[in-house]
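S.K.: everything below, folded, please.
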Amino acid sequence: ASLLKRLADYQERMVNSEFDAQPKKELRVLTPEQLQLKKQLEDVKDQFFQKAAEYRLAHMSPAEKAWDYVKETSHLSRAIMTSFDLSAVFRQGGVGSIAHPVLAAETSREMWNAMKSSQAEFDIAEGIRNDPMYQFAMTAKLAITEEDGKITRQEEAFMGRWARHGIGKTGSKVNVISQKALTPIAMSARAYTTFLNGMRFKLFKLMVSNLGANGQVTVDEAKIIVQYVIVASGRADLGKYNQAMANLNVLFFAPRYVASRFQFFALPFYLLPNKNVSLRVKKQIAMEYARYATGLGIFLGTAAALGSLLFDDDDDDKPTVELDPRSSDFGKIRIGETRIDPMSGFSQVVTVVSQVLTGRKKGADGEIQHLRGEGRKWGSPTTWNVMSDFARKKFAPIPSAVFNVIVGENVVGEEVTPLTATRDLFIPLSVSEVKETMQARGVPAGSAITILTLLGMGGGTYGPKTKFANGTEEERKTQLENDLKKMEWDSPDL
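M.R.: Below you'll find the model as predicted:
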C-alpha cells in the first residue's frame, strides 16, 4: 500500500507539473506518555530475550549447555576485565575523539548520564532514533549496537547475557544476587555502548552534512562514509563473516576490534584508488585521516616538548616518545617505566608489522635485535616468536589463562599458577593498571596518569626497576643474579 501511494504521488506531481523539492515531513515528537510506553516496550523486549535464552537453554543437550556456560563465562570474564572505566573514549573511540574533541566531550556527557541511569540510556538512544538523519544512516548500514538480541549487534567488550542480566534463571536466588553484584558491569556496559553509538552517529552525520553542503549525498556515498566510521570506531565490517568473528570471541578477546586496526591502515589503499568512489568522498575521508594524525601529533609533541622543557636529559622520569616502529613502545609516552598509550590499538599493529617486515626488533634497552638471518643471536626472539606473541596477547581470558597455566608463565614472563590465573580472570584491567601506576608514580603524578588510563590510554608500568620493587626477597635475589650474568666484565690487562 505504501509503494502504491508513492507511485500515485509521483504520477500526480508529473500531471500537475509539481517539480519543486517537496517540504520535508515534520519529525514526529512523542509525548511523555508515549515515551514512557516506548520505554516499557524496551523493557518487555529485554525480558523477552531473557526468557528466550532460558527457553533455548532448557531445550539444549548436555553438551550444548556445557558449551553455552563456557561461552557465557568467557563473555562475563571479558566484561569484568573491561569494566570500571570509561575506556571507550580513547580506545575503541580514540580516532573520533582525537579528530573531533568537541564531539567527544559532548558524547562523554551522555556516556556519564547513561552509566548512572538506564532511563538516561534509553532517552539518549531515542534521541538518535528520532533524528532526521537516522533513517538515512540505517539505509547506509551504520552500526548502532544493542545490548540484547543478536550477538553480532553487541559490542565485543560486553557480549553475552550474564553481564547484563545476572547468572541463572530469572528471579532465582543466584540470579538476584549475581545481578546486584554485577551492577557496576551493567553500568559500564551502558556507558560503553552509549558513547560508541553516539560517536558513530554524530561522526556519520557530520561527514554527510559536510559532504552534502553543495548537493545531495547518495546512498552509495553514505555507505562509504559508514565504512570509514565503523572501522575508525573499532568495529570492522566483514560482511558475511561477521557471525564467524562473533563466534571467535570465545577464543580471542576482541577479533573485530583487532581486525579494524589493520583495516584502518589498509582502507586508503583500496578505497582511494577505487574509481567507483566519488572524489568528494575520498577528500572527506582523507581529511578525517589528516585530522586524526594532526591531533595525535599535537598530543605526543606536547608531551615531548614539556619533557624537554621541564626535565634534565639524565632524569629517568623525563617524558619521552618512542618513534621507532620496531619498538613495543612505539607511539607511547614513557615516564620512567610507566607508559601512556594514546594510539587506540594502532601501536601494536604498526610494531608487529614493522618487526616482521624488517626482521628487526628494538628492545626496551634500545638494542636492535635480529629476528632472522646471520645477525640473530642464539636464544633471541625469532619472527615466529613476534607473530605468536602478538596472537597470544589477543587471546580471550579463558584460553589465555589455560595457555599460561600450561606453559607456567604469561606472555611477559611472569609466573602463572592455576590460582593466579583464575583470580586474574575476574580483575578489571583498569584496576591492575591503576595499582601499578600509583605504586610507581605516587599519588600526585599517578592520579593524572590514572585519569588517562581510565579513559582508554592504558599502557602499564613494567621494567626491571618495577619488577625489583614489587618482588619478594627471593625474586629480587634471582633477578640480581640474572642481571649479573648478562653483564660484560672487562678484565684489566696484567
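S.K.: residue ranges with poor pLDDT in the stretch 1-150 of the chain?
M.R.: Counting by pLDDT under 70, the stretch 1-150 of the chain has low-confidence residues at 1-2, 19-30, 35, 146-150.
S.K.: and the strands in it?
M.R.: Taking DSSP state E, counting those that start in this stretch as the criterion, the stretch 1-150 of the chain contains no strands.
S.K.: now do the stretch 301-450 of the chain
M.R.: 320-321, 333-335, 338-340, 360-362, 368-370.
S.K.: got CSV for those strands, with distance to residue 474 and mean neighbour count too?
M.R.: C-beta: built from backbone N, CA, C; applies to glycine. As requested, the strands of the stretch 301-450 of the chain are exported to CSV (distance: least, CB to CB, whole Å; neighbours: other CB atoms under 10 Å):
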stretch, distance to residue 474, mean neighbour count
strand 320-321, 33, 18
strand 333-335, 29, 23
strand 338-340, 26, 23
strand 360-362, 30, 21
strand 368-370, 29, 15
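S.K.: out of those strands, which comes closest to residue 236?
M.R.: Distances from residue 236 to each of the strands of the stretch 301-450 of the chain were compared by CB to CB, and the smallest falls on strand 338-340, at 25.6 Å.
S.K.: how about residues contacting that closest one?
M.R.: When contacts are taken as CB atoms under 8 Å, 6 or more residues apart in numbering, the neighbours of strand 338-340 outside the stretch itself are 303, 329, 332-334, 436-437, 440-441, 449, 452-453, 457, 459-461.
S.K.: which of the residues you listed has the weakest pLDDT?
M.R.: Sorting these by pLDDT puts residue 459 at the bottom of the list (70).
S.K.: and the longest helix for this protein?
M.R.: Once the chain is assigned using DSSP state H, the helix that runs over the most residues is helix 279-310.
S.K.: number of nearby residues for residue 358?
M.R.: For residue 358, the count of nearby residues is 13 (other CB atoms under 10 Å).
S.K.: nearest spatial neighbour of it, skipping sequence neighbours?
M.R.: Closest residue in space to residue 358, ignoring its immediate chain neighbours: residue 326 at 6.2 Å, by CB to CB, 6 or more residues apart in numbering.
S.K.: just list the residues touching that neighbour, thanks.
M.R.: Residue 326 sits in contact with 351, 354-355, 358, 360-362, 368, where contact means CB under 8 Å, 6+ apart.
S.K.: how near is it to residue 351?
M.R.: Applying CB to CB, to the nearest Å, one obtains 7 Å for the distance of residue 326 from residue 351.
S.K.: and the contacts of residue 326 as JSON lines, adding distance to residue 49?
M.R.: Shown next, in JSON lines, are those (distance: CB to CB, whole Å):
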{"residue": "351", "distance to residue 49": "40"}
{"residue": "354", "distance to residue 49": "44"}
{"residue": "355", "distance to residue 49": "44"}
{"residue": "358", "distance to residue 49": "49"}
{"residue": "360", "distance to residue 49": "51"}
{"residue": "361", "distance to residue 49": "47"}
{"residue": "362", "distance to residue 49": "49"}
{"residue": "368", "distance to residue 49": "54"}
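S.K.: which residues touch stretch 179-196?
M.R.: With contact meaning CB under 8 Å, 6+ apart, stretch 179-196 is reached by 76, 79-80, 82-89, 92-93, 107-108, 110-112, 114-116, 118, 121, 124-125, 145-147, 155, 157-158, 162-166, 233-235.
S.K.: try 6 Å this time
M.R.: Around stretch 179-196, the neighbours that count as contacts under CB atoms under 6 Å, 6 or more residues apart in numbering are 79, 83, 88, 93, 107, 110-111, 114-115, 121, 124, 145, 155, 157-158, 163-164, 166, 233.
S.K.: ok, which pair from the contacts of residue 326 is furthest apart?
M.R.: Comparing the members of those, the greatest separation, given CB to CB, is between 351 and 368, at 13.8 Å.
S.K.: helices along the stretch 51-200 of the chain, start to end?
M.R.: Per DSSP state H, counting those that start in this stretch, the stretch 51-200 of the chain has helices spanning 62-81, 94-99, 101-116, 118-129, 134-139, 162-165, 173-181, 183-211. These are given in chain order.
S.K.: once you drop chain neighbours, what's closest to residue 96?
M.R.: Nearest-residue entry for residue 96: residue 199, 4.7 Å, with adjacent residues in sequence omitted and distances by CB to CB, 6+ apart.
S.K.: tally up the residues packed near the one you found, please.
M.R.: Burial of residue 199 is recorded as 28 neighbouring residues (other CB under 10 Å).
S.K.: how close does it get to residue 316?
M.R.: 37 Å.
S.K.: try residue 216
M.R.: Distance of residue 216 to residue 316, computed by CB to CB: 59 Å.
S.K.: cool, and residue 425?
M.R.: With distances taken as CB to CB, residue 425 is found 34 Å from residue 316.
S.K.: which one's more surrounded, those two?
M.R.: Just comparing residue 425 and residue 316: by other CB under 10 Å the higher neighbour count belongs to residue 425, 18 against 9.
S.K.: how confident was the prediction at that one?
M.R.: Model confidence at residue 425, given as pLDDT, is 88.
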